[in-house]
Each structure stands twice: as C-alpha cells, then as structure tokens.
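Peer 1: Pasted the sequence and its predicted model underneath.
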Amino acid sequence: MNSGMGVVNLWLGGGLVIQVTALILLGMSITSWTVMLVKGVLIYKSKKQAKQLNSFWHSPDLNEALEVLELKQQEDNPFKSLALEGQIAMRHHRRTEQHLHDSLDLNDWITSSLRNSIDDAKERFGSGLIVLASIGSTAPFVGLFGTVWGIYKALLSIGDGGMSSIDQVAGPVGEALVMTAFGLVVAIPAVLGYNALLRSNQFIFGKLNRFAYDLRAFYVTGICIKTTEERK
C-alpha cells in the first residue's frame, strides 16, 4: 500500500467516528500550539522586563523608577503592577478614615497587598497550563481510540469480504494505527511545552518574590536596600 495514501484512505474509509476523532486531535494540536506561543511571548517579555529591575533601583525617585518599567511595547508588566500595588497600599494605609486594615501595621498591610499582586500574576501566567497538561495526557488515548475503532472496522470488512491474506489485512490495520501516531504527535509537544512553560514561570515568580521583598522594605522604611543583583 502506498504510505502517502494511507492517511487519505483512513479519512475516506474510516467513517464518521474516525473523522471526528481526527478533528478532535487536530483541534487539540492547534489549541496546544496556540497556548505555547501566547505564553512563550508573555514569558519572553517578562524576562526582558525583569532585566530592568536594576535600573529601577538606581532611579532618583519612585516616579522615575516606575517609568523605567514602562518602556514601549511592554504593557502588562507584572513588576510594575507589583510596585504600584505596594505604593497604593502604603498611601491607603495612611488615610485617616477607619478601616479594618487599621488593625494591621504598615508592614503587614503592604506584605499582604504585594502577596495578592503576586497571586494575580501567578494566575495569569498559569492560565493555559492545565489545558496543555490535559491535552498531553489525553491525546494518546484519543488516538488509541481511533486506532481501536479503525481496527474494528477493518476486521469487520475482512470478515464480510472473506479476506485472509497478509496483504489484505495489513492495509486497513496499518491505516488505523496512524491514529495512534496522530495522538503522540499531539501529546508530545504539549507535554514538552508544559514543562518548559512551568520552568519559565518559576523563574519569573522567583524574580517577583525577590522584587516584592525589596519593595516591602522600601515602602516600610523608606530606605532602598541593596537589590538581589547587588548582593551577589
């Protein structure tokens, strides 16, 4: 059998179940690659933004420091959001109105606000990873289902037609096994992409946590301590 026509024969002769299964795998593949590309661009921008933190601490005042984190085409900067959240928390805590947070000292209030900002960043960076994990774990089984169904249909055809030679059996069964390969082609990039994004997210979260530590000390004491990069 011509291997180049195997996929075509599988699509045309596999029936509705095989066609729907193949479309599901195609949709999974498109979804996983879309998530990986979108998240990859986000992480790439965030790593570039993380390099600006040293310049942030070398700015003469806070307003100019925030401008350092506001370069062109660098919107949605998690580090700037963290700095602004701390600034807003500090100003809000100093108001004269009585609020429940007045029972907290400035250090606890700013720490809580910065932690909430980091949690928001984690939610944003983590969105889509569950999709990749789900696709990576289920795509092989979806492909296997297509294979089992294709072999079942092939055996029915063999039984109805009375075919018994290896040449007659190998074609239909081989075409059905293509579905397993489709499932692996979808699953492997999704698993690798999930692991790569998870590792990159941990790098960004580490930078955010260290930046939050320095910000908390600055907003509470008004003194800029040595940054993490300067401690090395």
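Peer 2: Received it, and whenever you're ready, just let me know what you need.

Peer 1: going forward, measure contacts between C-alpha atoms and count neighbours the same way
Peer 2: Noted.

Peer 1: For the helix or strand containing residue 108, the averaged confidence score.
Peer 2: Applying DSSP states H and E as the criterion places residue 108 in helix 106-126. For helix 106-126, the mean per-residue pLDDT is 85.

Peer 1: what's next to that helix, contact-wise?
Peer 2: With contacts defined as Cα atoms under 8 Å, 6 or more residues apart in numbering, helix 106-126 is touched by 39, 78, 81-82, 85-86, 89-90, 93, 101, 201, 205, 208-209, 212, 216, 219-220.

Peer 1: what's the neighbour count on residue 114?
Peer 2: Here the number of neighbours of residue 114 (other Cα atoms under 10 Å) works out to 27.

Peer 1: measure it to residue 17 for me?
Peer 2: Going from residue 114 to residue 17 by Cα to Cα, to the nearest Å gives 51 Å.

Peer 1: How about the spatially most central residue of the chain: what's its closest non-neighbour residue?
Peer 2: Note on the chain: the residue nearest the mean C-alpha position is residue 129, at 4.0 Å, using Cα atoms, centre = their mean. Nearest residue to residue 129, sequence neighbours excluded (Cα to Cα, 6 or more residues apart in numbering): residue 194, at 6.2 Å.

Peer 1: which residues sit in contact with the one you found?
Peer 2: Residue 194 touches 36, 129, 132, 133, counting by Cα under 8 Å, 6+ apart.

Peer 1: Residue 187 versus the third one, what's the distance?
Peer 2: In this case it means residue 132. Residue 132 is 9 Å from residue 187, by Cα to Cα.

Peer 1: repeat for the second one
Peer 2: From residue 129 over to residue 187 the distance is 14 Å, taken as Cα to Cα.

Peer 1: Which strand or helix spans residue 216?
Peer 2: Counting by DSSP H and E, residue 216 is found in helix 166-221.

Peer 1: and residue 29, how far is that from residue 118?
Peer 2: From residue 29 to residue 118 the distance is 31 Å (Cα to Cα).

Peer 1: ditto for residue 89
Peer 2: 14 Å.

Peer 1: returning to what we had before: ok, of the contacts of helix 106-126, which come out buried?
Peer 2: Those of the contacts of helix 106-126 that meet the buried threshold are 39, 78, 81-82, 85-86, 89-90, 93, 201, 205, 208-209, 212, 216, 219-220, by 16 or more other Cα atoms under 10 Å.

Peer 1: and stretch 78-93, what's its mean pLDDT?
Peer 2: 78.

Peer 1: Show residues contacting it.
Peer 2: Contacts of stretch 78-93 with the rest of the structure, by Cα under 8 Å, 6+ apart, involve 46, 49-50, 66, 69-70, 101-102, 106, 109-110, 113-114, 117-118, 121, 208, 211-212, 215-216, 219-220.

Peer 1: Output it as PDB, restricted to C-alpha atoms.
Peer 2: Extracted in PDB, the C-alpha atoms of stretch 78-93 (Å, rounded to 0.1, in the frame of the first residue of the first chain):
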ATOM      1  CA  PRO A  78       4.000  42.300  36.400                       C
ATOM      2  CA  PHE A  79       6.900  44.100  38.100                       C
ATOM      3  CA  LYS A  80       5.300  47.500  37.600                       C
ATOM      4  CA  SER A  81       2.000  46.200  38.800                       C
ATOM      5  CA  LEU A  82       3.800  44.900  41.900                       C
ATOM      6  CA  ALA A  83       5.400  48.300  42.500                       C
ATOM      7  CA  LEU A  84       2.200  50.200  42.000                       C
ATOM      8  CA  GLU A  85       0.300  47.800  44.300                       C
ATOM      9  CA  GLY A  86       2.800  48.500  47.100                       C
ATOM     10  CA  GLN A  87       2.600  52.200  46.500                       C
ATOM     11  CA  ILE A  88      -1.200  52.200  46.600                       C
ATOM     12  CA  ALA A  89      -1.200  50.100  49.800                       C
ATOM     13  CA  MET A  90       1.200  52.500  51.500                       C
ATOM     14  CA  ARG A  91      -0.900  55.600  50.700                       C
ATOM     15  CA  HIS A  92      -4.200  53.900  51.500                       C
ATOM     16  CA  HIS A  93      -2.900  52.800  54.900                       C
END
